[in-house]
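Trainee: Generate coordinates for the sequence data below:
(2 chains)
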Amino acid sequence: MPDYFTEDSDRIPFGIRVSMFQQHLPKWAAVLLAVQLTVRYWLRGSEKARHGTLWEPDYQWQTKDEMPAEAQSRWAPWIEELEDLRFTVCGFRSSKTIGNKEEATCLLIDPSQTTLATLLWLRMGGREGIVQNTPSFTSWGQDETELVTMAVPEVQHQLAKILTPDYAELVCVSDKKPLKAVYKQHLGRSDVQGAVRFSVERILAQYKQLRVRYFHYATKSRVLRRLSPKEVTSLTGEP
Amino acid sequence: MSSVAAFLFIRDGDRTLYLDRWAMTYRQLLWGPDALVEWLSHDEPFDEEPEELSGAVIVDFDTKELRWSGLEEFPAPQVQKAYQRLAEKAWPGFTISSSPLDELTAVICNRDASGDDDEDDDDEQEDEDWLERCETVKEAASNGDSDDDDGDDDEDEEDDSEDGSEFPAWLTLIDQNGKVRHRRLCQISRDLMTADTKAVQAASKLKPAEVPAEKEIQEGMWIHIPNRKVGVWGNQSTAKAVPRMQKAWRGWAVSWADGGYVDQCQVSGVPGIRMTDAETLVPFMGNVMSIKRFDAGLFLGAIQTGIKKTAMKVTGCLLLVLVVPFFVFGYFADRIQAAMLAYAALVAVVVILFNVIAFKLKKRFSLDNIGRRDAPDKKPAVAGPLDLDERREQMNRLLAACGFPSLEELQPAMSKVPNLDDLSKV
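Mentor: This next block holds a predicted model:
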C-alpha cells in the first residue's frame, strides 16, 4: 500500500489552533471547536485523517496543462507579475492526494538564479471548499540554510513559524502585500545576500532534495504522520 | 405597483392580445405552447393598446416564431443559453429569439414595423446602450486598480481584492511576445471597443487578474496583437457594439465569439472554470417551478413579516437588558422575588402591546386599506401543471431531453438561491 501522510494537527498549540479557526469562524466558535478537538484528543487519541498526500521522493515534473484548472486560474496574475520581473517558469507539480485536499505547485526562478518563487495552491473541501494560495521566495545560504520569505494571512504567521524546521529561516509577511514588494523584501534580507546560484535544471533537483529533507524533519518531529491502512481505505474507498 | 406583460398570439393572421399583471415572462414559457394558451385563455383578450409594458411575448403560430423579452433578467450568457435550450425543446418547431422590449411593444401596438422610423428607433436604442457603457478603461476598472508603473512600489499598498460580481467583464491582452495578461472590468469600455491605443496601454497597466470563473462573467474581449485579431462575446448590448468595433479596428479581424467564455479560454491557453449545468439552471429554475403568484400581496406580506421579525429581535434584546436593573434593585433592596414578579409583569405587558400594535399596523397597511388590492386574477398563478408532482415530472422530462440534471440533482444548489416560494414563507 502506498504511503500517505497527513498533518498531525493534534500537535498544534491551542492558541494557534484558535487563530487558525478564527479565519473562518467567529472567535467564540473557534474557541469552542479548539476545546472540543483538544478534549477529544485526550479521550480518544489522534483526530481521524480527512486527507492524505502521497509521499513520492522521486516524482516527475509536469506541464502547466496538467495542473488543476483553478490552480492555473489563480496563478495567472502572479505568473504575469513574476515574468515581468524576468522570472522563468521551471516546473509544475500536482501532488497525489486522497480525501478532501488538492494541492499543486508552480516553481519559477529569478533572473539572478538565486531565488526560487514557489506558488502553492491548496483546496480543501471540494469545488466550493476553502482555497489558499501561498507565494514564497526561497534562497539558500552558503551553509545550506534555507532562507524563506512567505506571504500568508497574519493569523497563520505563528503556525508557520512553529512548523519551520531549524535549518530554515522564515520571514512571514502579510498576504495583502503585493508580490513585487514581497520579492523586494526578500532580496533586501541580509542573509539572502551572497545566496547560492542555481541553474534551472539544478534548481528542480535542489527542490526535490529540499522536499526530502523537509519530509524527514516533519515525520521525525511529528508534524506529519503516516496514515494507517484503515484510514487510507476509508479515504480512497479501495480495499 | 404592478409590472404588466403582454402576450400576443397571431393565428391565421388574427391577433389576440392578453395581459398579465405581474410579468415574469420566463416563468411561463417552459411549459410549451398549449400550456401558455390554456393559461391565458382564462382571461378575456385585451382590446386596447397597452400602456407601459415590463415584458412581452409574441407567438406567431403561422410562421412558428416565438419572440420574447425577459432573458435580460439573467445577464450571464451561459444561463441564457441554458434557458434557450429548454425553451426550444418545450416549443418544438418554433424559432425562439430574445428581442428588446421596445421592438416587441411596437409590434404589439401595431406601430409601423418597417422603414425609417424603426431604423431610427434601433439607432436610438443602440446609442443609448453605447452611451451607457463606461467611456474609458479607467472608469471600467474603477476602485483605483491602475498600476503606477514608475518604479516606485508602494510597499504598504493594500491589495483590495475585487468582488467578482462587481467586475463581470473579462479582458485578455496578448502582447507582441505572446505574453497573456488578464484584466477584470465592470464593462468592456468604449475606448477599448473603438481601438484607442491609450486604452490598450491603460489596460495593460491595470492590476493583473485571475482567470475568472465562467459564472462571474457577462462579457469578454481579447486583443491578440501578433495576430491582429479581436474577439468579443457577451449579451445583447455587447453584440450591438460589434459593427462599431469592426469599423474602428481597421486592419484587424474583429469577430463575435459564439463560444464565448470557452473561446476566450482557448485563446488564453487556460482551461478556465466552467459553469456546471446546475449553475446555469438554478438562477431561474426555482421561480419557474414555483406556483406562487408574484403580486403586491406576496411582496407586501414579505416586507411586513421581515419588519415584524426585526422588531421582535429588538424588543427581545431590550427585555433581556432590562432584567439586569430589576435584578440589581431586587438584590440590594433584599426583595428579589418582588423584583422578578414585576419584571414578569413587564414582559407580559410588552408582549401584549407588541401584538396589538403589530395587528393594528398590519391592518393599516394592508392592500385593501392602501387601496392597492388588485381585482382577483381569474387565471391560475402560472402556466403549466399546478399539481406539484405533475409539474416536477414534466420539468424533469424537459431537463432530461436537454441532457440536463434532474430537479432532484439540482435541489442542493437551488436551496441556496432565494425564490418566490421563500418569499411566501418569510
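Trainee: Can you show me the strands along chain B?
Mentor: For chain B, the strands defined by DSSP state E occupy B:5-11, B:14-20, B:55-60, B:65-68, B:95-98, B:169-174, B:180-185, B:219-224, B:229-233, B:253-256.
Trainee: ok, residue B:217 - contacts?
Mentor: B:76, B:168, B:169, B:170, B:261 (C-beta atoms under 8 Å, 6 or more residues apart in numbering or on different chains). Heads up, the C-betas are built off the backbone N, CA and C, glycines and all.
Trainee: So for the second one, what's the nearest residue that isn't a sequence neighbour?
Mentor: Going back to what we said before, that points to residue B:168. Nearest non-adjacent residue to residue B:168, counting by C-beta to C-beta, 6 or more residues apart in numbering or on different chains: residue B:218, 4.2 Å away.
Trainee: got a pLDDT number for that neighbour?
Mentor: Listed pLDDT for residue B:218 reads 93.
Trainee: follow-up on the earlier one: name the nearest of the contacts of residue B:217 relative to chain A.
Mentor: Comparing the contacts of residue B:217 against chain A with C-beta to the nearest C-beta picks out residue B:170 as the nearest, at 11.1 Å.
Trainee: so that closest one makes contact with residue B:220?
Mentor: Yes - counting by C-beta atoms under 8 Å, residue B:220 is a contact partner of residue B:170 at 4.3 Å.
Trainee: can you pull out the strands in chain A?
Mentor: Using DSSP E, strands in chain A cover A:4-7, A:51-54, A:88-94, A:97-99, A:101-109, A:116-124, A:130-140, A:146-152, A:168-174, A:224-226.
Trainee: Distance to chain B, mean neighbour count and mean pLDDT added to those, as JSON lines?
Mentor: Shown next, in JSON lines, are these (distance: least, C-beta to the nearest C-beta, whole Å; neighbours: other C-beta atoms under 10 Å in any protein chain shown; pLDDT from 0 to 100):
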{"stretch": "strand A:4-7", "distance to chain B": "27", "mean neighbour count": "21", "mean pLDDT": "85"}
{"stretch": "strand A:51-54", "distance to chain B": "22", "mean neighbour count": "19", "mean pLDDT": "86"}
{"stretch": "strand A:88-94", "distance to chain B": "12", "mean neighbour count": "18", "mean pLDDT": "93"}
{"stretch": "strand A:97-99", "distance to chain B": "19", "mean neighbour count": "20", "mean pLDDT": "88"}
{"stretch": "strand A:101-109", "distance to chain B": "13", "mean neighbour count": "22", "mean pLDDT": "94"}
{"stretch": "strand A:116-124", "distance to chain B": "11", "mean neighbour count": "20", "mean pLDDT": "93"}
{"stretch": "strand A:130-140", "distance to chain B": "9", "mean neighbour count": "20", "mean pLDDT": "90"}
{"stretch": "strand A:146-152", "distance to chain B": "10", "mean neighbour count": "21", "mean pLDDT": "93"}
{"stretch": "strand A:168-174", "distance to chain B": "9", "mean neighbour count": "17", "mean pLDDT": "93"}
{"stretch": "strand A:224-226", "distance to chain B": "30", "mean neighbour count": "19", "mean pLDDT": "83"}
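Trainee: how about those, which one is nearest residue B:269?
Mentor: For the strands of chain A, the distance to residue B:269 is smallest for strand A:88-94, at 12.8 Å, taking C-beta to C-beta.
Trainee: Please tell me how far residue B:172 sits from residue B:334.
Mentor: 78 Å (C-beta to C-beta, to the nearest Å).
Trainee: Low-confidence stretches in the chain?
Mentor: Reading this off chain A. Within chain A, the segments meeting pLDDT under 70 span A:9-12, A:44-47, A:238-239.
Trainee: That was the other one, I meant chain B.
Mentor: B:1-2, B:23, B:112-126, B:143-164, B:295-304, B:365-378, B:418-426.
Trainee: Show me the longest helix that occurs in it.
Mentor: Across chain B, the longest stretch assigned as helix under DSSP state H is helix B:296-332.
Trainee: elements contacting that helix?
Mentor: Where contact means 3 or more C-beta pairs under 8 Å, 6 or more residues apart in numbering or on different chains; DSSP states H and E, helix B:296-332 is packed against helix B:336-364, helix B:420-425.
Trainee: Please work out the angle formed by the directions of that helix and helix B:336-364.
Mentor: Relative orientation of helix B:296-332 and helix B:336-364, computed by axes from the mean of the first three to the mean of the last three C-alpha atoms, to 10 degrees: 170 degrees.
Trainee: Residue A:37 is in contact with residue A:18, isn't it?
Mentor: No - counting by C-beta under 8 Å, residue A:18 is not a contact partner of residue A:37; they are 10.3 Å apart.
Trainee: Among residue B:172 and residue B:334, which residue is more densely surrounded?
Mentor: Using other C-beta atoms under 10 Å in any protein chain shown as the criterion, residue B:172 and residue B:334 rank with residue B:172 on top: 24 against 8.
Trainee: residue contacts, that one?
Mentor: B:180, B:181, B:182, B:183, B:220, B:221, B:222, B:223, B:264, B:267, B:268 are the contacts of residue B:172 under C-beta under 8 Å, 6+ apart.
Trainee: Apply 7 Å and report the result again.
Mentor: Taking C-beta atoms under 7 Å, 6 or more residues apart in numbering or on different chains as the contact definition, residue B:172 lies against B:180, B:182, B:222, B:264, B:267, B:268.
Trainee: neighbour-wise, which of those leads?
Mentor: residue B:264 (26 neighbours).
Trainee: tell me the contacts of the nearest residue to it once chain neighbours are set aside?
Mentor: Distances taken as C-beta to C-beta, 6+ apart put residue B:220 closest to residue B:264, at 4.7 Å, once the chain neighbours are dropped. By C-beta under 7 Å, 6+ apart, the contact set of residue B:220 is B:169, B:170, B:233, B:234, B:260, B:261, B:264.
Trainee: change it to 10 Å
Mentor: Going by C-beta atoms under 10 Å, 6 or more residues apart in numbering or on different chains, residue B:220 touches B:77, B:168-172, B:185, B:188, B:212, B:214, B:231-234, B:238, B:257, B:260-261, B:263-265, B:267-268.
Trainee: before we move on, the earlier item: wait, which of the strands of chain A is closest to residue B:195?
Mentor: Per C-beta to C-beta, nearest to residue B:195 of the strands of chain A: strand A:88-94, 32.0 Å.
Trainee: how far out from the middle of the chain is that closest one?
Mentor: On the basis of C-alpha atoms, centre = their mean, to the nearest Å, strand A:88-94 sits 15 Å off its chain's mean C-alpha point.
Trainee: how far off strand A:101-109 does it point, in degrees?
Mentor: 160 degrees.
Trainee: So which elements touch strand A:88-94?
Mentor: With contacts defined as 3 or more C-beta pairs under 10 Å, 6 or more residues apart in numbering or on different chains; DSSP states H and E, strand A:88-94 has these neighbours: helix A:69-84, strand A:101-109, strand A:116-124, helix A:200-220.
Trainee: Buried residues of the last one, list them for me.
Mentor: Taking 16 or more other C-beta atoms under 10 Å in any protein chain shown as the neighbour-count basis, helix A:200-220 is seen to contain the buried residues A:203, A:204, A:206, A:207, A:208, A:210, A:211, A:214, A:217, A:218.
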